[in-house]
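J.: Fold the stuff below for me.
(chains A and B)
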Amino acid sequence: MELFRNTNYDFLGKKWPFIILSLLLTAAGLTSLALKGGPRYGIDFKGGALIRVAFAQRPQVDKVRAVLNAKGLNADVQEVQGKQEDIIGIDVREDRALQSARQNIVNTLTAAFGQPANGKYNVNAGGADALANQLRGPLQNAGVAMNDQQVNDLATNIIGYRTQHSGLIRNLDDLRSVPGVTPQVLNVLKQQVYPDTLAVVGVDQVGPRIGAELQHKAILAVLYALGGMLVYIAFRFEWIYGAAAVVAVFHDTIITLGLFSLFNKEISLTVVAALLTLVGYSMNDTIVTFDRIRENLKLLRREKLEPIINLSVNQTLSRTVLTSGLTLLTALALFLFGGQVLNGFSFALVCGIIVGTYSSVYVAAPILVFFNNFMESRKHPAGSAASASKAPAAPKAAAAQPKAPKQNVRGGTAKVK
Amino acid sequence: MKRNIKIKAVVIVAVILVCIYGIIGLPKSKAELVANWKHNIHLGLDLSGGTQLVMQVQLQDAFKTNADRTMDRIKDELQKDGIQFTSIDRNDPNSLETADKIEIDIKGVPVAKSSAFRGTISEQYPEWILTPLNSTDYKLTMKPTEALKLKQDTMSQTTATIERKINVLGLAESSVQPTGRSDAEAELLVQLPGVDDPGHVKQLLQTQAVLEWDEVKDGPYSTRDEGLTKHGGILPLGTKLVPTETRGGQQSWYLVSRSAIVTGTDIRDSRASQDPTTGRWETGFVLDQQAAKRFENYTANNIGNRAAIVVDGQVISAPTIQSRISDSGRITGAAGQEEASDLALNLRAGSLPASIVYEEERTVGPSLGADSIREGFRAGIAGLIAVVVWMLFYYRRSGINATLALVLNAVILVAALSYFDGVLTLPGIAGVILTIGMAVDSNVLIFERIREELRAGKAVVAAVDAGFSKAFGTIVDTHVTTVVSCAFLFIFGTGPVRGFAVTLVIGLVANVFTAVFVSKTIFDWELSSKRQVTALSI
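T.: Take a look at the predicted model:
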């Protein structure tokens, strides 16, 4: 099966609407960023704390917010999609304050939505050791013959069950299926422990100093990565190719950041990783096209640059659509099934792959054309473009040749066979 | 040609075997297979559940302690040599950045004694630089090399002490290490697998546990000012005012000796126990031999006097010495069993040379980690299946080639993680998924190239050769560019981002091997086994 066969679309002929679209998107992104005072940084970069709470039955997010704010905890509550969990963000940057805030949040939420303890032990908090210590005496008193090891195993199994069920045991009767829980044991459990209807399942806290440092480093990483790639491409092709590729990638990054700002999504450390990945992908795509342009420049020395670029884009169209389509497929899978933690990451990838594929054709390639035209007009200020334009293509190819001797040799062997 | 393929096939099979051995070893049963897998593949805390802490060691504390000790020694030395001075004091650097700006000021040294003074200082304290301020006043600053050494020593001592504390707590597989960020010399990364409520652990690690047994010179006073006024506003030489713990809103102050009789480092062992008569919890300790001798002398000479037990700058108790004590003592006044055993633990683990401040905490409950594994796995499998189905549909027989290359790529990636003791984290999984993307790209590039050559009318064998060789240049370019960006990620990134970069680089290297070398070998083998090739399923 083949999707594209000997296509001959005039990509660059219709470049202006797309260039304008690019400019508009970039402007929209920048405007959104400017209006909102820069990207919305997650706690990784601005410092603060996120506490993730799992509920047996999640209360309405407004209620959670109201209950916390009534206690003076200035909390930002977010629901986790597809789960009975909330992420509670608080602007706490100091460790001691975090400890008390965490306790305060748990107490407040328990008082409002939880189960009263009635002097029992909460089986949805603490680890296996604590549970074993809690059960050892009562089990003995109830006449259940179990040695220390068996009690430990029992506790480990119960906590294991909890782990497999998103951190919450909803009903003690559910524990029947756990190995070691006999009806006798279950009775003791019911007397001694109760399952609270909420539990803290994760905490992230970043101090302001580290946050500022991470932000600084992330920006440095992106800039250096771009610089490194510019140097490599300039070395393999010509400097204008490197510059065009970097401008295209920059364009992708700005648009993706703009989309994050438009959708009010947070920039976290993993999102930065995704941004760097999309930089890699977009670059990958651009290089494949450039490689083909270089090759065609050598084969068709009499042709103008613009038709050569069109030909190259058409020749690589099949691979571009396939690869981008397939990677987009993986990124989409990640976006749809990857869960909340990877949500920002996969969102960046999905945006990046789409924008990155498009930018190779409509950002990087036009820059080559503009530069070429500019050089020509400088060489032949009054000359007719049609006859003059052929001249620069040849030296360009000649300049590219010594840098890629292998390509030449291989082309030769192919012809011999 | 055939011989060549055989050699290549041997290389490929050898790589596969080495990889499989790296992942699962040589299992004899299913249980052993699972055990080996778990042993070889390390999951990061974000997947297995646990707590990660970043702490900053307040190095200035160590500099101040060092300066205090030096000042005590200088005083003794000058007195012994009969060199008078009016005052000796140090500045008080309060941040990490100013730690090595520590400075000791000695004032009022008579001009006549200045050469003797200089001689003594430069001979006895080579780690300090002596600068005269005027004819009678001097300033001591620490040599940069010594400051660096002190910093390194403090970091390694802190690491060792925290390690001991973690071990005493029985937290298996925990680790303490520098964060490795180039400009963060005072940072430590503590990883505590399985800990999902780190409050107690954090408090224990943070306790400095500097124990001193000081002589009580005077007191108690109800406020610090009362103590000061009683001595005319200036404390007698070699003394300090220390507050007691705040109990029930009450706090009092003692004037105690500045240099301790025994300190925490003299302690050999420490246990919590219950007083049999009162039922109160207390912490008993045993001194090492040298300290025991010193302690015995002191207690014998001071029966009836009071001593202060000071922990972390607070008087825990101030008992009257009843009798001669040699090698063991008790610290009473604990609120309960936990407090008593925490103190015992801290005394056993030794004291931190500097206080620590927590800067980052990431706690992932085991259930959250399990969810992430499930979701990441599901996404990975869904992506992989979609890709494989499409490749088989679009490229037919050659799609099998691509699929084999993909699977082998994944196997090499996992094996490399196992051999390099790498840790699989959530961003790492993302790296794996991206590797799959790049691998697909390489295959597509090659196959499209082969199709083009076929369309141009080349014979099958020639088309395959040309397709591979022409695509190779592009593949190298794209891979090198991504490796370059990964290098920057690794240099500038922190923990999880680094994991991502490492996985991606391994995946890319593996990809060049599988998509180019392995895939080409399979093609060659297929083509050479037939006598005449007229069509290729691609």
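J.: Could you pull up the mean pLDDT of stretch B:215-235?
T.: Across stretch B:215-235, the average pLDDT comes to 81.
J.: neighbouring contacts of that stretch?
T.: Here stretch B:215-235 makes contact (C-beta atoms under 8 Å, 6 or more residues apart in numbering or on different chains) with B:236, B:239, B:241, B:243-244, B:252-257, B:261, B:302, B:305-308, B:318. Quick note: C-beta positions are derived from backbone N, CA and C, even for glycine.
J.: Any buried residues in it, and which?
T.: By neighbour count with 16 or more other C-beta atoms under 10 Å in any protein chain shown, stretch B:215-235 contains the buried residues B:E215, B:V216, B:K217, B:D218, B:G219, B:P220, B:Y221, B:G227, B:L228.
J.: before we move on, the earlier item: can you go through the contacts of stretch B:215-235 and name the buried ones?
T.: Those of the contacts of stretch B:215-235 that meet the buried threshold are B:239, B:241, B:243-244, B:252-257, B:261, B:302, B:306-308, B:318, by 16+ other C-beta under 10 Å.
J.: follow-up on the earlier one: just the buried residues of stretch B:215-235: which are in helices?
T.: Secondary structure from DSSP state H places B:G227, B:L228 of the buried residues of stretch B:215-235 in helices.
J.: Mind telling me the two of the buried residues of stretch B:215-235 farthest from one another?
T.: For the buried residues of stretch B:215-235, the maximum inter-member distance is 19.1 Å, found between B:E215 and B:L228 (C-beta to C-beta).
J.: if we can go back for a sec, quick check, nearest of the buried ones among the contacts of stretch B:215-235 to chain A?
T.: Ranked by distance to chain A (C-beta to the nearest C-beta), these are led by B:P243 at 19.3 Å.
J.: isn't that closest one right up against B:S252?
T.: Yes - with contact defined as C-beta atoms under 8 Å, B:P243 counts as touching B:S252 (7.4 Å).
J.: Tell me who's in contact with the one residue in the stretch 101-250 of chain A that gets nearest to chain B.
T.: Of all residues in the stretch 101-250 of chain A, A:G167 sits closest to chain B, at 3.3 Å by C-beta to the nearest C-beta. By C-beta under 8 Å, 6+ apart, the residues touching A:G167 are A:A54, A:N124, A:A199, A:V201, B:G365, B:P366, B:S367, B:L368.
J.: Contact partners for the nearest residue to it once chain neighbours are set aside?
T.: Nearest residue to A:G167, sequence neighbours excluded (C-beta to C-beta, 6 or more residues apart in numbering or on different chains): B:S367, at 3.3 Å. By C-beta under 8 Å, 6+ apart, the contact list for B:S367 reads A:A54, A:R162, A:T163, A:Q164, A:H165, A:S166, A:G167, A:L168, A:V201, B:G49.
J.: Confirm B:S367 sits in a helix?
T.: Yes - under DSSP: H, G, I helix; E, B strand; the rest coil, B:S367 sits within a helix.
J.: who wins for neighbours among the contacts of A:G167?
T.: Among the contacts of A:G167, A:A199 has the most neighbours (other C-beta atoms under 10 Å in any protein chain shown), with 28 neighbours.
J.: What helices and strands are in contact with the helix or strand hosting A:N152?
T.: Here A:N152, judged by DSSP states H and E, is contained in helix A:148-164. Judged by 3 or more C-beta pairs under 8 Å, 6 or more residues apart in numbering or on different chains; DSSP states H and E, helix A:148-164 is in contact with helix A:128-141, helix B:366-395.
J.: Now the residue of the stretch 101-250 of chain B found nearest chain A: closest residue in space that isn't a chain neighbour?
T.: At 5.7 Å from chain A, B:G199 is the closest residue in the stretch 101-250 of chain B, using C-beta to the nearest C-beta. Among residues not flanking B:G199 along the chain, A:Q99 sits closest, at 5.7 Å (C-beta to C-beta, 6+ apart).
J.: Would you mind listing the buried residues in the strand or helix carrying that neighbour?
T.: Taking DSSP H and E as the definition, A:Q99 sits inside helix A:95-113. For helix A:95-113, burial by neighbour count (16+ other C-beta under 10 Å) applies to A:95, A:98-99, A:101-102, A:104-106, A:108-110, A:112-113.
J.: Can you name the element that comes right after it?
T.: Counting by DSSP H and E, the next helix or strand C-terminal to helix A:95-113 is strand A:121-122.
J.: does chain B sit close to that following strand?
T.: No - shown here: strand A:121-122 not in contact with chain B (C-beta under 8 Å from any C-beta of the partner chain), separated by at least 11.6 Å.
J.: SS state for B:V357?
T.: Under three-state DSSP, B:V357 comes out as strand.
J.: can you pull the contacts of the residue nearest to the spatial centre of chain A?
T.: Nearest residue to the geometric centre of chain A (C-alpha atoms, centre = their mean): A:F345, 1.2 Å. A:F345 makes contacts with A:T270, A:V271, A:A273, A:A274, A:L334, A:G338, B:P427, B:A430, as judged by C-beta under 8 Å, 6+ apart.
J.: Check B:E127 too.
T.: B:M142, B:K143, B:E146.
J.: Which other helices and strands does the helix holding A:Q99 contact?
T.: Applying 3+ C-beta pairs under 8 Å, 6+ apart, one finds that helix A:95-113 makes contact with strand A:48-55, helix A:61-70, strand A:85-90, strand A:198-206, helix B:199-206, strand B:356-364.
J.: could the ones you listed be laid out in TSV, adding mean pLDDT and distance to B:A535?
T.: Shown next, in TSV, are these (pLDDT from 0 to 100; distance: least, C-beta to C-beta, whole Å):
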stretch	mean pLDDT	distance to B:A535
strand A:48-55	88	57
helix A:61-70	87	62
strand A:85-90	84	56
strand A:198-206	86	57
helix B:199-206	83	67
strand B:356-364	87	54
